[in-house]
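Undergrad: Prediction below, plus the sequence it came from.
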Amino acid sequence: MKKLLMIPAALLLSTAAAAPKISAQSIIVNPTQPDLSVSVRINKDTTGNQNPAYKVDENAVITATVNRDAYVYLFNVNPDGSVDQILPNRLSDSNFVKAGATKSFPEAGDNFKFTIAGPIGQNKVLALASLTPLKLDQISSFKTGQDQFATVNAKSQAGLAQALSIVVTPIPQNSWVSDTAFYTVAAVNPVSTGSLFVGANVDNATVILNGQRLGGANVTYNNLRPGSYPVRIQAPGYNDISTTVAIRAGTTTNLNAEFVAVVVTPPAPTRLTISIRSNLNNARVFVDGQEAGTVRNGTLSVQVDRGSHEIVMIAPGYRTFLSTYNVTTNGQITINPTR
């Protein structure tokens, strides 16, 4: 969990989608391409393309920049899946950011510091920008009047994404956008083990590393021996995803699994329909020794199981017709007995 150090006192930061598309990489993604943009950065990586490491008790600064006047909301997804709401809070003056301006957390001159704490592993910072203020009642709340930071109700990345989807659904798609930054919390002392973060775009996914079940997805697994390992991610109703990952000492390897639903072909029906055509109205028809009905208006439909069946037709003044048919599909046969 991250913590805020006040001067002179210290405060702990409370732990904290058409429908938006949710992905393991970006948490929540607008399905359109709005002209509003937001860029979130952590101070050790100004490009947004890296995964910088911070040691426990090291200070950090998170920044967000928008191209239009917007309200910016910041969340941190911790390695254990818990979520912290960074902005808005009661220590910063506002989460409104002018076009082209950069909002820092903390701002220069603020009487607190953003200090990195445990757990060790992969972190994600989500910036959500909106042209209008968002109602976060379903996501977080200030438990008491003395709380400086809101407590987040969601207990996982998937829960946060689902809650945010509900919040942004009522507003126009071109009025909100999001961005994500990564950073790793590393141990103070050098380590000989590595970590693996496995993200998934579905719930109830299971991670199996080198034949051993690690647990669920969207979690960082620590204390893994460096090396190359086979990994398989499973989820009910989806095909397994298998690949190989390289675990390196002192770093976190990211693996994001995008599941595609399994297309299930319905089983072929066991009962098939045969339409028996005949020029003999009132002729009696028997299937496998059982009377199936009488020909009316030149036809009689019967249902049979797939396979071989004996069909008999009887009519006064005509020879009895008997034949065996191998039925594999719905179809029709014509029977016209002779005198």
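TA: Arrived safely. Numbers count the residues shown, from 1 in each chain.

Undergrad: where does the stretch 1-150 of the chain dip in pLDDT?
TA: 1-26 (pLDDT under 70).

Undergrad: Just say helix, strand or coil for Gln162.
TA: Per DSSP: H, G, I helix; E, B strand; the rest coil, the secondary structure class of Gln162 is helix.

Undergrad: list the contacts for Pro172?
TA: Residues near Pro172 by C-beta atoms under 8 Å, 6 or more residues apart in numbering: none. (Each C-beta comes from the backbone N, C-alpha and C, glycine too.)

Undergrad: Next: the one 3 residues further on.
TA: With contacts taken as C-beta under 8 Å, 6+ apart, Ser175 has the following neighbours: 34, 36, 130-132.

Undergrad: what about 10 Å?
TA: Contacts here follow C-beta atoms under 10 Å, 6 or more residues apart in numbering; on that basis Ser175 touches 30, 34-36, 68, 70, 129-132, 168.

Undergrad: So which of the residues you listed are in helices?
TA: Val168 (DSSP state H).

Undergrad: Just the closest of the contacts of Ser175 to Ile311, please.
TA: Ile311 has its nearest neighbour among the contacts of Ser175 in Asn30, at 62.6 Å by C-beta to C-beta.

Undergrad: Can you tell me the closest non-neighbouring residue to the closest one?
TA: Excluding its sequence neighbours, the residue lying closest to Asn30 (C-beta to C-beta, 6 or more residues apart in numbering) is Val177, at 5.5 Å.

Undergrad: what separates that neighbour from Ser37, distance-wise?
TA: 6 Å (C-beta to C-beta, to the nearest Å).

Undergrad: repeat for Gly289
TA: For Gly289, the distance to Ser37 equals 77 Å [C-beta to C-beta].

Undergrad: and the two? which has more neighbours close in?
TA: Ser37 (14 against 7; other C-beta atoms under 10 Å).

Undergrad: show me what contacts the closest residue in space to the more buried one that isn't next to it in sequence?
TA: Closest residue to Ser37 apart from its sequence neighbours, by C-beta to C-beta, 6+ apart: Asn67 at 4.9 Å. By C-beta under 10 Å, 6+ apart, Asn67 lies in contact with 35-39, 99-100, 129, 177.

Undergrad: Ramachandran angles for Asn67?
TA: Asn67 adopts backbone torsions of phi -90, psi -10, taken as degrees, to the nearest 10.

Undergrad: How about Lys124?
TA: Residue torsions, per degrees, to the nearest 10, at Lys124 are phi -130, psi 130.

Undergrad: Kindly state the beta-bridge partners for the nearest residue to it once chain neighbours are set aside.
TA: Once flanking residues are discounted, Lys124 sits nearest to Val77: 4.3 Å by C-beta to C-beta, 6+ apart. Listed beta-bridge partners, Val77: Val83, Lys124 (assigned using DSSP bridges).

Undergrad: How about the contacts made by Val77?
TA: 16, 27, 83-84, 122-126, 152, 154, 156-157, 160-161, 180, 182, 218, 220.

Undergrad: in stretch 152-171, what's buried?
TA: 152-154, 156-164, 167-168 (16 or more other C-beta atoms under 10 Å).

Undergrad: what distance separates it from the middle of the whole chain?
TA: Offset of stretch 152-171 from its chain centre (C-alpha atoms, centre = their mean, to the nearest Å): 12 Å.

Undergrad: Mean confidence (pLDDT) on it, please.
TA: Mean pLDDT, stretch 152-171: 87.

Undergrad: now do stretch 193-206
TA: Taken as a whole, stretch 193-206 carries a mean pLDDT of 91.

Undergrad: Span of that stretch from start to end?
TA: End-to-end distance for stretch 193-206: 22 Å, by C-alpha to C-alpha, to the nearest Å.

Undergrad: Any buried residues in that stretch, and which?
TA: Of all the residues in stretch 193-206, those buried under the rule 16+ other C-beta under 10 Å are 194-202, 205-206.

Undergrad: Let's have those residues in JSON lines, adding distance to Thr329.
TA: Compiled in JSON lines, those are given as follows (distance: C-beta to C-beta, whole Å):
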{"residue": "Gly194", "distance to Thr329": "57"}
{"residue": "Ser195", "distance to Thr329": "56"}
{"residue": "Leu196", "distance to Thr329": "51"}
{"residue": "Phe197", "distance to Thr329": "51"}
{"residue": "Val198", "distance to Thr329": "46"}
{"residue": "Gly199", "distance to Thr329": "46"}
{"residue": "Ala200", "distance to Thr329": "41"}
{"residue": "Asn201", "distance to Thr329": "40"}
{"residue": "Val202", "distance to Thr329": "37"}
{"residue": "Ala205", "distance to Thr329": "40"}
{"residue": "Thr206", "distance to Thr329": "41"}
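
Undergrad: Pull the most distant pair out of these.
TA: Of all pairs in those, the most separated under C-beta to C-beta is Gly194 and Val202 at 25.6 Å.

Undergrad: burial count for Thr265?
TA: Neighbour tally, Thr265, other C-beta under 10 Å: 5.

Undergrad: just the strands in the stretch 1-150 of the chain please.
TA: Using DSSP state E, counting those that start in this stretch, the strands of the stretch 1-150 of the chain run over 3-6, 10-12, 38-42, 53-55, 59-60, 62-66, 70-77, 83-87, 96-97, 102-105, 112-115, 121-130, 140-141.
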